[in-house]
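**Student:** Predicted model and sequence below, questions to follow.
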Amino acid sequence: MPDSDLFERIRTIFLQERSFVSIAAAAVLLGWPRGEMKAAIAAGEIELTTACSGPVVGREELIAKAIELWPAEWIERALRSRAAAVLPEVVRTRMIAARVPRYQAAMLDVLAERQQTTVGHLLTRALDDLGGEHFDVLAPAIAGFADAVAWPHLHETRQPC
């Protein structure tokens with residue numbers, strides 16, 4: 001279970017009004033040491049933009065990384081009543097039930113514990129991969145699918161300066 005510090009960092013990432021943060025601030029919000037942030041930038045895992053003061057991390061980039069790092073249910077819990085205003089309806093969560101073989105259920109439990117995440121987060125990542133493989137079929141068949149896949153970069157139009 002995440003601690004209150006993580007929830008506060010999630011709230012800051014999603015609720016801040018500025019369109020960018022400094023590289024150092026982004027590292028703090030993601031809970032990364034400086035070296036991990038430098039490595040992520042070098043590997044292209046974090047894309048920088050330029051503000052008047054120099055290279056910065058755009059808000060949309062920070063949100064995208066948060067979605068990758070933390071389960072959607074943690075993000076929604078951290079945002080509380082603001083989740084509906086901040087997260088597009090198509091990316092908010094809903095409970096599903098599925099019957100799977102017991103070894104797969106056990107596999108999900110073990111992997112979630114080892115990765116300090118949730119079963120839902122593991123499934124979300126796997127389903128994102130599946131959706132990418134079948135995007136051409138799913139985008140025209142599901143209202144909002146393409147926008148959900150593109151979010152949060154969908155509305156990236158504001159310049160930091």
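**Tutor:** Nice, I can see it. Numbering: from 1, shown residues only.
**Student:** which regions of this protein lie under the pLDDT threshold?
**Tutor:** 1, 155-161 (pLDDT under 70).
**Student:** Name the nearest residue to the residue positioned nearest the centre of the chain, ignoring sequence neighbours.
**Tutor:** Centroid-nearest residue in the chain: residue 67, 0.9 Å away (criterion: CA atoms, centre = their mean). Nearest non-adjacent residue to residue 67, counting by CB to CB, 6 or more residues apart in numbering: residue 75, 7.1 Å away. (Each C-beta comes from the backbone N, C-alpha and C, glycine too.)
**Student:** Could you report the neighbour count for that neighbour?
**Tutor:** Neighbours of residue 75 under the rule other CB atoms under 10 Å: 25.
**Student:** Quick check: which element contains the nearest residue to residue 115 once chain neighbours are set aside?
**Tutor:** Leaving out its chain neighbours, the residue that sits closest to residue 115 by CB to CB, 6+ apart is residue 122, at 7.4 Å. Element membership of residue 122 [criterion: DSSP states H and E] is helix 119-133.
**Student:** Return the list of helices and strands in contact with the helix or strand that that helix is followed by.
**Tutor:** Next helix or strand after helix 119-133 toward the C-terminus (DSSP H and E): helix 135-141. Applying 3 or more CB pairs under 8 Å, 6 or more residues apart in numbering; DSSP states H and E, one finds that helix 135-141 contacts helix 145-150.
**Student:** neighbouring contacts of the helix it packs on?
**Tutor:** 88, 90-91, 128, 131-132, 135, 138-139, 154 (CB atoms under 8 Å, 6 or more residues apart in numbering).
**Student:** quick revisit: for the helix or strand harbouring the residue nearest to residue 67, packing partners?
**Tutor:** Using DSSP H and E, residue 75 falls within helix 72-79. Under the contact criterion of 3+ CB pairs under 8 Å, 6+ apart, helix 72-79 touches helix 4-15, helix 83-86, helix 119-133.
**Student:** before we move on, the earlier item: so the residue nearest to residue 67 makes contact with residue 11?
**Tutor:** No. Contact criterion CB atoms under 8 Å: residue 75 and residue 11 do not qualify, at 9.4 Å.
**Student:** Fine by me, we can end here.
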